[in-house]
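>>> Here is my input; please provide its structure:
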Amino acid sequence: MKYYTKINKIKQQTKNNNRQNNITIIMINKLKNNKFLLGTILLLTGGFLSKLLGFILKIIITRKIGTEGIAVYSLVMPTFSLFSTIATFSFPVAISKITSTKRAKKVVLSIIPVSLLLNLLSILVIFIISKPLSIALLKEPRTYYPILSIGFTLPFIGLSSIIKGYYWGKQRMGTYILSNIVEQIVRIIIITILVPIYIKKSIESTLSLIVLVNILSETSSIIVMMLALPKHIKIKKEDLKPVKEEIKNVMSISFPSTTSKIIGSIVHFIEPILLTNILTLKGFNISYIIREYGVINGYSVSLLLLPQFFTQSISTSLVPEISKYYEIKDKKMCTKRIKQIVALSLTIGLISTIVLLINPAYFLNLIYKTTKGVKYIKALAPFFLLYFIETPLSNCLQAMNKSKEAFIIVTVSSIIKLFLIVFLSILNKGINSLIISTSVSIVFSTYFYLRETIKALK
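Numbering: from 1, shown residues only. I've put the predicted structure just below:
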């Protein structure tokens, strides 16, 4: 009797094991078939590695060039950000949206000449404005050569963004992530070796080097992506001729999207110009203004935005998915995806904000070897919590063909921010005018992004 009982137990256990194995296989198959989930997981994992490398690079740069170098670097970056936005022209978003539903070769090859022409014009503009911008507007002559260097990087940034758009659209996230990791490794190696040498010469030559490194890093990214292209894709001579229809399709998506981004970049570009000029007129020392502006952007904001790669990675995976469901009028799935992304982004933002607020001086010292910027972190942290859901919501509107609404929100919030910077600076609020205007702008834009997203899903 005991023998048969034992046999039955073994049989039952075997059945349970088989059932569990079947469940596991079903779950694995479901996971394999869920491109969105796989893409998101892959992007989060790869994004973590890429962002970690980028953060290591940021630490290396910050520690090597010091507070004075960071202050000058912070004045250069808004210009770099503006022209990078023009160079990429939202091509990754547009191309990813189009190539998710049709053949990609013609789309990519048609838009490359447009990108090159756009970047050549940008280079010309940079060469014209770099001297008056650095000397008369920013009031910091050491920004001249770094700003001039930006022009040389633009064609490489533009081409890299186009190829990345192809991989986003085809949801081949592995290649995209690998290219980003290689890109960061190239930056780290070159900057680690050369910055200690150049910093002995001057800050401007060091910052010029940091900008120009993008040529080699973007080139390495392009090489990785080109090597990973499917073998069946062969580029013939006739393929190099741009197709007007494909250019029109891409520009119809990228132009409205870019106008929103350019508005934000222009505001960031004008920011230091307004601060340095108005606060100087109000009697503030120019060295103090530049130093504090560098502390806010180089230390405080950088630390607050550390987990931002999660929301960026999620948003990257979001665009083709939301676009597809919205096109077939499946608003239920759109709503589901958006809720998941907003909840995840908000959770990540909340945890990181709480951890950072417990002891901001510890994290600043751990990462940047400084405690400068603690008061700015405490002031900005509650508002930057909303910033973590702003990017996903903005991309949701783009994916649902609501570029016009996104543009209006960016424009109005940007005008509010610039107005507050001017108004509060005139009232002698000093550098706090930047803190207050940034906080108000984030609250305003996040609220209206959320409102327009809800309206689009009704």
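>>> And Asn297, how far from Thr259?
Distance of Asn297 to Thr259, computed by C-beta to C-beta, to the nearest Å: 24 Å. No exception for glycine: its C-beta is placed from N, CA and C like everyone else's.
>>> Then Phe152?
Note on Phe152: its distance to Thr259, by C-beta to C-beta, is 26 Å.
>>> And Phe48, by the same measure?
32 Å.
>>> what's the answer for Thr79, then?
Taken as C-beta to C-beta, the span from Thr79 to Thr259 is 19 Å.
>>> Comparing those two, which residue is more hemmed in?
The neighbour count for Thr79 versus Thr259, taken as other C-beta atoms under 10 Å, is higher for Thr79 (24 against 16).
>>> what about stretch 334-346, average pLDDT?
For stretch 334-346, the mean pLDDT works out to 85.
>>> Using PDB, list the CA coordinates for it.
Output of stretch 334-346 as PDB, limited to C-alpha atoms (Å, rounded to 0.1, in the frame of the first residue of the first chain):
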ATOM      1  CA  CYS A 334      -3.200  53.300 -26.300                       C
ATOM      2  CA  THR A 335      -4.700  54.200 -22.900                       C
ATOM      3  CA  LYS A 336      -3.300  51.000 -21.400                       C
ATOM      4  CA  ARG A 337       0.200  51.600 -22.700                       C
ATOM      5  CA  ILE A 338       0.200  55.200 -21.600                       C
ATOM      6  CA  LYS A 339      -1.000  54.400 -18.100                       C
ATOM      7  CA  GLN A 340       1.700  51.800 -17.700                       C
ATOM      8  CA  ILE A 341       4.400  54.200 -18.900                       C
ATOM      9  CA  VAL A 342       3.300  57.100 -16.800                       C
ATOM     10  CA  ALA A 343       3.000  54.900 -13.700                       C
ATOM     11  CA  LEU A 344       6.400  53.400 -14.200                       C
ATOM     12  CA  SER A 345       8.000  56.800 -14.900                       C
ATOM     13  CA  LEU A 346       6.400  58.400 -11.900                       C
END
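>>> surely Ser217 meets Ile188?
No - taking contacts as C-beta atoms under 8 Å, Ser217 lies outside contact range of Ile188: 9.4 Å.
>>> Looking at these two now, which is surrounded by more residues?
The neighbour count for Ser217 versus Ile188, taken as other C-beta under 10 Å, is higher for Ser217 (25 against 18).
>>> Any figure for the gap between that one and Leu344?
Distance, Ser217 to Leu344, using C-beta to C-beta: 29 Å.
>>> With Leu424 instead?
Counting by C-beta to C-beta, the separation of Leu424 from Leu344 is 35 Å.
>>> which sections of this protein are below the confidence cut-off?
Applying pLDDT under 70 to the chain flags the ranges 1-44, 47, 100-103, 232-240, 309-310, 313-320.
>>> okay, how far is it across stretch 423-439, tip to tip?
Using C-alpha to C-alpha, to the nearest Å, one end of stretch 423-439 lies 15 Å from the other.
>>> In terms of helices and strands, where is the residue nearest the centre of the chain?
In the chain, the C-alpha nearest the mean C-alpha coordinate belongs to Gln312, at 6.1 Å (C-alpha atoms, centre = their mean). For Gln312, the host element (DSSP states H and E) is helix 308-327.
>>> cool, Tyr145 as well?
Here Tyr145 is assigned to helix 144-169, by DSSP H and E.
>>> Could you tell me which other helices and strands that helix packs against?
helix 35-88, helix 91-99, helix 105-132, helix 173-198, helix 203-227, helix 308-327 (3 or more C-beta pairs under 8 Å, 6 or more residues apart in numbering; DSSP states H and E).
>>> Let me know which of those is the nearest to Tyr449.
helix 308-327 (12.1 Å; C-beta to C-beta).
>>> elements contacting the helix or strand that contains Ser445?
Using DSSP H and E, Ser445 maps to helix 432-456. Secondary-structure packing of helix 432-456 (3+ C-beta pairs under 8 Å, 6+ apart): helix 244-281, helix 374-399, helix 403-426.
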